[in-house]
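Participant: My questions concern the predicted model and sequence given below.
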Amino acid sequence: MNTTSVNINALQVQKPFRHLVHKRLAQGTAMAIVIAGVTGVGTIARAENLEHIQKLLSTKECQRCDFQGASLVMANLQSANVQGANFQSANLSRVIFAGANLRNANLAGSSLSGANLGGADLTGADLRNTDLRGTILTGAVLTNAKLDGAALQGAIDLPSNIGTAEQYYQWASESTRQKRYDIAIEQFTQALAREPLHAPSYFGRAIAQFEIGKRSEAIADMTQAHELFKTKGDRAGIESSDKILVAMKKPPESNEGRGGNGLGMGMINVVGSLLRLFLIR
């Protein structure tokens, strides 16, 4: 079946929507109308290759098939064989791809947010600029997968060789600003696993640990940051870590009305822009 275009007015849609998935099962035949990228009534949308979608939904077997731009939100494709298939720019949010064969599949620019890829084989898959936020990757095989530009924040069981120190540092800094300190600590730790001498990550983790009452761990991390800044001749880092170490060892006397140990905004008032510098760079 050839790809066609669908006029949304003909479907009598009353409200703007982003994605529409309409499936009918009649006399054992699955028919899927999948419309992607719709922004409002009257928009002309590209209906995907319905024959390929029908085959995938009914048999979970469609190698090298074309699903470009399709919306398969929440579809159960567990153990599906879609080796070499084209899912470029598709909406695959919360899809169950557990145990699926996605070897050499093109998933570039697609959304796999919240999807289950546990145990999936993604060898050689193109995941560039793919949304993998909150995606389950437990046991997934990502050998030679392309991940440039992929959004990995919150991905579950991301292999230790995936994701850069800079990515984890930026995520951890954002978590710190949001006062999600436990998450920030884990993200700073992941950054350090990838770049063990990254002084700003020790600095940031010290802040997060102090906020949840881990004073000794915070002092150890800030001391390490201070030494690394000294080694690199980073004057701003030396100055800020030194001031914070003094405050950590002798915290403010009154912490009434707030959690943690009184670092937070009080410390920002002490070191001013220096702290903000290390939480964003």
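Facilitator: Now that the structure is in, tell me what you want to look at. Numbers count the residues shown, from 1 in each chain.
Participant: what residues are up against residue 208?
Facilitator: By CB atoms under 8 Å, 6 or more residues apart in numbering, residue 208 lies in contact with 172, 175, 176, 181, 182, 184, 185, 188. All C-beta atoms are positioned from the backbone trio N, CA, C, and that covers glycine.
Participant: try 10 Å
Facilitator: Contacts for residue 208 (CB atoms under 10 Å, 6 or more residues apart in numbering) come out as 172-173, 175-176, 179-188, 214, 217-218, 221, 260, 263.
Participant: Mind giving me the ChimeraX select for those, buried ones only?
Facilitator: The ChimeraX selection below is limited to those of the contacts of residue 208 classed as buried (16 or more other CB atoms under 10 Å):
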select :172,173,175,176,181,183,184,185,186,187,188,214,217,218,221,260,263
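Participant: out of the contacts of residue 208, which are inside strands?
Facilitator: Counted as lying in strands by DSSP state E, out of the contacts of residue 208, is not a single one.
Participant: Mind checking which of the contacts of residue 208 are in helices?
Facilitator: Taking DSSP state H, the ones among these that sit in helices are 172-173, 175-176, 181-188, 217-218, 221.
Participant: Specify which member of those is nearest to residue 201.
Facilitator: residue 188 (4.8 Å; CB to CB).
Participant: In PDB, please show the C-alpha coordinates belonging to the one helix or strand residue 54 maps to.
Facilitator: Counting by DSSP states H and E, the element that carries residue 54 is helix 50-59. This file holds the C-alpha atoms of helix 50-59, laid out as PDB (Å, rounded to 0.1, in the frame of the first residue of the first chain):
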ATOM      1  CA  LEU A  50      -0.200   1.500   6.500                       C
ATOM      2  CA  GLU A  51       0.800  -1.900   5.200                       C
ATOM      3  CA  HIS A  52       4.000  -1.800   7.200                       C
ATOM      4  CA  ILE A  53       2.100  -0.600  10.300                       C
ATOM      5  CA  GLN A  54      -0.500  -3.300   9.900                       C
ATOM      6  CA  LYS A  55       2.100  -6.000   9.600                       C
ATOM      7  CA  LEU A  56       4.000  -4.700  12.600                       C
ATOM      8  CA  LEU A  57       0.900  -4.500  14.900                       C
ATOM      9  CA  SER A  58      -0.400  -7.900  13.800                       C
ATOM     10  CA  THR A  59       2.800 -10.000  13.600                       C
END
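Participant: what comes up buried for it?
Facilitator: Of all the residues in helix 50-59, those buried under the rule 16+ other CB under 10 Å are 50, 52, 53, 54, 55, 56, 57.
Participant: ok, back up a step: in the ones in helices among the contacts of residue 208, find the pair that's most separated.
Facilitator: It's 173 and 217 that sit farthest apart of those, by CB to CB, at 18.5 Å.
Participant: next one: phi and psi at residue 102?
Facilitator: Phi and psi for residue 102, reported as degrees, to the nearest 10, are phi -120, psi 30.
Participant: Count the residues that sit near it.
Facilitator: 27 (other CB atoms under 10 Å).
Participant: That one contacts residue 137, doesn't it?
Facilitator: No. Residue 102 is beyond contact range of residue 137, at 12.0 Å (criterion: CB atoms under 10 Å).
Participant: Find the residues that touch each one of those two.
Facilitator: Common neighbours of residue 102 and residue 137 (criterion: CB under 10 Å, 6+ apart): 117, 120, 122.
Participant: In TSV: those residues, plus secondary structure.
Facilitator: Putting those into TSV (DSSP: H, G, I helix; E, B strand; the rest coil) gives the following:
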residue	secondary structure
117	coil
120	coil
122	coil
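Participant: Using JSON lines, please lay out those together with pLDDT.
Facilitator: Shown next, in JSON lines, are the shared contacts of residue 102 and residue 137 (pLDDT from 0 to 100):
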{"residue": "117", "pLDDT": "98"}
{"residue": "120", "pLDDT": "97"}
{"residue": "122", "pLDDT": "97"}
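Participant: In ChimeraX, how would I select just the buried ones from those residues?
Facilitator: Applying 16+ other CB under 10 Å to the shared contacts of residue 102 and residue 137 leaves a buried subset, and the ChimeraX line that selects it is:
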select :117,120,122
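Participant: Between the shared contacts of residue 102 and residue 137, which sits nearest residue 61?
Facilitator: residue 120 (15.2 Å).
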